[in-house]
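Trainee: Attaching a predicted model along with its sequence, questions to come.
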Amino acid sequence: MPSMASRYSQRPSGPDDDKRRSFKDGRRALLEQRRSLPIASVAEKLVEHVKKSDTLVVIGETGSGKTTQLPQFLHSAGFCKGGMMIGITQPRRVAAITVATRVAEEMGTEVGKEVGYSIRFEDVTSPVTQLKYMTDGMLLREALLDPLLSKYSVIVIDEAHERTIHTDVLFGLLKGVQERRKCAGFSHIHDNKLNSIGQNTAAEKQVAVVSNGHSLFRKSTGPLKLVVMSATLDTKGFCDYFNGATAVYVQGRQFPVQIFYTYTAEADYLEAALLTTFQIHMEESLGDILVFLTGQEEIESMERLLRERATHLPETALKLLVVPIYAALPSEHQMRVFQPAPVGARKVILATNIAEASLTIPGIQYVIDPGLVKARAYNPHTGVESLAIVPVSKAQAQQRSGRAGREAPGKCFRLYTEDSFAKLDDTTVPEIKRCNLANVVLQLKALGIDDVLGFDFMDKPCRTTIVKSLEHLYTLGALNDEGKLSDPLGFRMSRFPLEPLYAKAMLVSSEFGCSKEMLAAIAMLSVESLFYTPRDKIKEANNAKKRFASQDGDHITFINVLRIYSLEVDEGQRGGDVDSSTLDRRASKKTEKVIRNWCTANYINGRSLRRAIDIRKQIQGHMESMGLPIISCGEDMLVFRRCLAASFFLNAARRQLDGTYRALSSRQTVSIHPSSVLHGKKPECVVFNELVRTNRSYIRSITQIDSLWLPELAPQYYAALDLANPTQRSLQS
DNA sequence: GAGCACTGC
């Protein structure tokens, strides 16, 4: 092996190194700890800025204390007077929970009292809550019910640099709310008034009606203050977008991380990562290694290679413990990264992007970064989403190297040259420019924003993407001829926390009399990696799946999983219906074990199943609140399949003479994915829920239908042409 | 007969 010095040039200084050397703070009183945070010295300045301007941009690095402290400063400064709240958004659920818990402790209260959090399936707030931490998506849902966000005096958007799709929509939305709340004194809640500002949404009307129950007038909630907190230095972008807002910098507290680059480009980054791992292992002092890879498959092969080559290590060398982590891995296996390496061993963690920001693994001293990431891309012309391996951005590379400096000074080995680093994009392309926007457009319409193309996006998505989404929503009937949200269809669809197509399917199913079955199918379609197939047990896993399989297809197979789970695990305690929260409450350790064993024996990912059960319960709640009945079609699966055809007619495919399939709306040639129960069964006509592009185009989540159902159930889309002839064009354009 | 980064409602 070449020596470390020959493989890497060391960069003497840079943005990752100039972070202040932290001190060991030991166990001090909470208050003292708070006072010692870098942000404490600028507390007054921050409060003054929020008081005098509409929007403040706070740039703070890791460890500045901005997330926990700033809301408390604002609270002390009186921003919660008169029953108003401060809302703080986070991109992830865990962050909302952990930060709220920490702040509650600092304020000497319990979570759910003055400090609370609100995330999907879990609202831990009460009427006395003043600081509310929540996911960004949750605030968007709240805006549907209260478009002026009248309960909030301040909204803090944290981790704004991550630019989640929800954060980006909130940006434009909150700017609008600020404008509308500027009217001082009393505001007249009336349809005319609402019309005049173009925000006459059904939800707002409801609010008005409720308010009108007492008075025609409602006290104005005063101006809405906005604080945008970000870690990157894209200050200008944020400040320009928020009408020249001031930016305040807050120093972070991180240990320095030395950055190394290769002298030449690496032809094979896996091999380079492998070599570097062993070099660190042989030459560097104790401390765990974190390697960023692009996906499960890559992690699995790297794992094999490392184990194999580790056997050639000298007898006297430290042992090397290899631990993989990625989102689809069942939680039992994920937990292994948090266990400290045994004495006499060094841990190597092979991770996807999950270790970049979503979870923090203790003990990391070395980071190996090949500089690549698997990212979603969207082609608005074909409507196909795909995943591709692309170079990371500079900001991402910095975030990755930072993972080595959480507890002590660390080192980061970038498997590319310093020149290549210089050529990387500064920041990652925001998600809103990389995916299908059907749901975003539906939500905007429901918020009363009719001119979606003219919406004030910080980064405008491609025009074609928006137009495609509008067309899609029109086809589904969510929009009327004027492009406005239809009533009740579009309005109801916007209430479901689902993709528009799935929301429509729920509504269609209540007419077909199979909403109970559709509820189960949609819940299962909403979770990923339900079946767990470890590489060394593919046969066993496939056999286990057979007991759930339906010859009609994957949708009924999904329903069978839930059915059999209820029968065998829940034992019909609640009449065959279960939800995981009631399970949690009453589950003794023993029941938990029964559930876990059942999942393991059936090669099912317990986390995914639990989530599907939660989603089912939530969607059922929405159905009931709309007065839509939950009806079962019993054993008559023909009804259910016809309902699938009526709902997913846009995703129909027919077998061609050569055995491949032709997607009827996009005219693409596709194949049935081998993970489908219909693979190899050669059905003549199917509906599908996913089109994934890898080496070929595959359709997944498929159910067999009769091709004659299409012109019958979707006459507006399919003409009653000669569907029996596969070569004939069967779609009207 | 194959492979799906990560979030979120």
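Mentor: Right, received. Where do you want to start?

Trainee: List the contacts of the residue of the stretch 151-300 of chain A found nearest DNA strand B.
Mentor: Across the stretch 151-300 of chain A, no residue is closer to DNA strand B than residue A:295, which sits at 2.7 Å (C-beta to the nearest atom of the strand). All C-beta atoms are positioned from the backbone trio N, CA, C, and that covers glycine. Each residue near residue A:295 by C-beta atoms under 8 Å, 6 or more residues apart in numbering is listed here: A:326, A:352, A:374.

Trainee: And stretch A:677-696, what's buried?
Mentor: A:677, A:678, A:683, A:685, A:686, A:687, A:688, A:689, A:691, A:693 (16 or more other C-beta atoms under 10 Å).

Trainee: Next one, pLDDT for the first one please.
Mentor: Taken from the predicted model, the pLDDT recorded for residue A:677 is 91.

Trainee: what about residue A:259, distance to residue A:105?
Mentor: Going from residue A:259 to residue A:105 by C-beta to C-beta, to the nearest Å gives 36 Å.

Trainee: Which one's more surrounded, these two?
Mentor: A count of neighbours by other C-beta atoms under 10 Å puts residue A:259 above the other of residue A:259 and residue A:105, at 27 against 14.

Trainee: Got the phi and psi for residue A:375?
Mentor: Backbone dihedrals for residue A:375, given as degrees, to the nearest 10, come out at phi -130, psi 150.

Trainee: mind listing what it touches?
Mentor: So residue A:375 contacts A:387, A:388, A:389, A:390, A:428, A:434 (C-beta under 8 Å, 6+ apart).

Trainee: For the first one, grab phi and psi.
Mentor: Okay, so that is residue A:387. Dihedral angles (degrees, to the nearest 10) for residue A:387: phi -120, psi 130.

Trainee: what number of residues lie near it?
Mentor: Neighbours of residue A:387 using other C-beta under 10 Å come to 14.

Trainee: re earlier: can you put the contacts of residue A:295 in TSV and add distance to DNA strand B, pLDDT and secondary structure?
Mentor: Formatted as TSV, the contacts of residue A:295 follow (distance: C-beta to the nearest atom of the strand, whole Å; pLDDT from 0 to 100; DSSP: H, G, I helix; E, B strand; the rest coil):
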residue	distance to DNA strand B	pLDDT	secondary structure
A:326	4	91	coil
A:352	4	92	coil
A:374	4	89	strand
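
Trainee: Can you say which of those residues are buried?
Mentor: Here, 16+ other C-beta under 10 Å leaves A:326, A:352 buried among these.

Trainee: Show me which of the contacts of residue A:295 is closest to residue A:665.
Mentor: Closest approach between the contacts of residue A:295 and residue A:665, by C-beta to C-beta: residue A:374, at 27.4 Å.

Trainee: re earlier: and which of the buried residues of stretch A:677-696 is nearest DNA strand B?
Mentor: Nearest to DNA strand B out of the buried residues of stretch A:677-696 is residue A:693 (C-beta to the nearest atom of the strand; 7.8 Å).

Trainee: for the residue of the stretch 501-650 of chain A found nearest DNA strand B, helix, strand, or coil?
Mentor: Closest residue of the stretch 501-650 of chain A to DNA strand B, C-beta to the nearest atom of the strand: residue A:533 (4.4 Å). Using DSSP: H, G, I helix; E, B strand; the rest coil, the structure places residue A:533 in coil.

Trainee: isn't it right up against residue A:605?
Mentor: No. Look at residue A:533 against residue A:605 with C-beta atoms under 8 Å: they stay out of range, at 9.9 Å.

Trainee: Looking at these two, which has the bigger crowd around it?
Mentor: residue A:605 (21 against 18).

Trainee: got a list of what the more buried one touches?
Mentor: Counting by C-beta under 8 Å, 6+ apart, residue A:605 has contacts A:328, A:330, A:529, A:530, A:531, A:532, A:599.

Trainee: could you redo the last one with a cut-off of 10 Å?
Mentor: Residue A:605 makes contact with A:328-331, A:527-533, A:599, A:611, according to C-beta atoms under 10 Å, 6 or more residues apart in numbering.

Trainee: Select the longest helix from chain A.
Mentor: Counting by DSSP state H, the longest helix found in chain A is helix A:606-625.

Trainee: elements contacting that one?
Mentor: Using 3 or more C-beta pairs under 10 Å, 6 or more residues apart in numbering; DSSP states H and E as the contact test, the elements touching helix A:606-625 are helix A:331-334, helix A:489-495, helix A:500-512, helix A:515-525, helix A:554-565, helix A:580-586, helix A:589-601.

Trainee: Need the winner for burial among those helices.
Mentor: Highest mean neighbour count among the helices and strands packed on helix A:606-625 (mean count of other C-beta atoms under 10 Å): helix A:515-525, with a mean of 25.

Trainee: Compute the inter-axis angle for that helix and helix A:606-625.
Mentor: Interaxial angle, helix A:515-525 versus helix A:606-625 (axes from the mean of the first three to the mean of the last three C-alpha atoms, to 10 degrees): 140 degrees.

Trainee: Residue numbers of the stretch 551-700 of chain A in contact with DNA strand B?
Mentor: Residues of the stretch 551-700 of chain A lying close to DNA strand B by C-beta under 7 Å from any atom of the strand are A:673, A:674, A:675, A:679, A:680, A:692, A:694, A:695, A:696, A:698, A:700.

Trainee: Out of those residues, the closest to residue A:136 would be?
Mentor: Among these, and counting by C-beta to C-beta, the member closest to residue A:136 is residue A:692, at 27.0 Å.

Trainee: Helix, strand or coil: sort out the closest one for me.
Mentor: The local conformation at residue A:692, judged by three-state DSSP, is strand.

Trainee: pretty sure it contacts residue A:674?
Mentor: No. Between residue A:692 and residue A:674 there is no contact under C-beta atoms under 10 Å: 11.8 Å.
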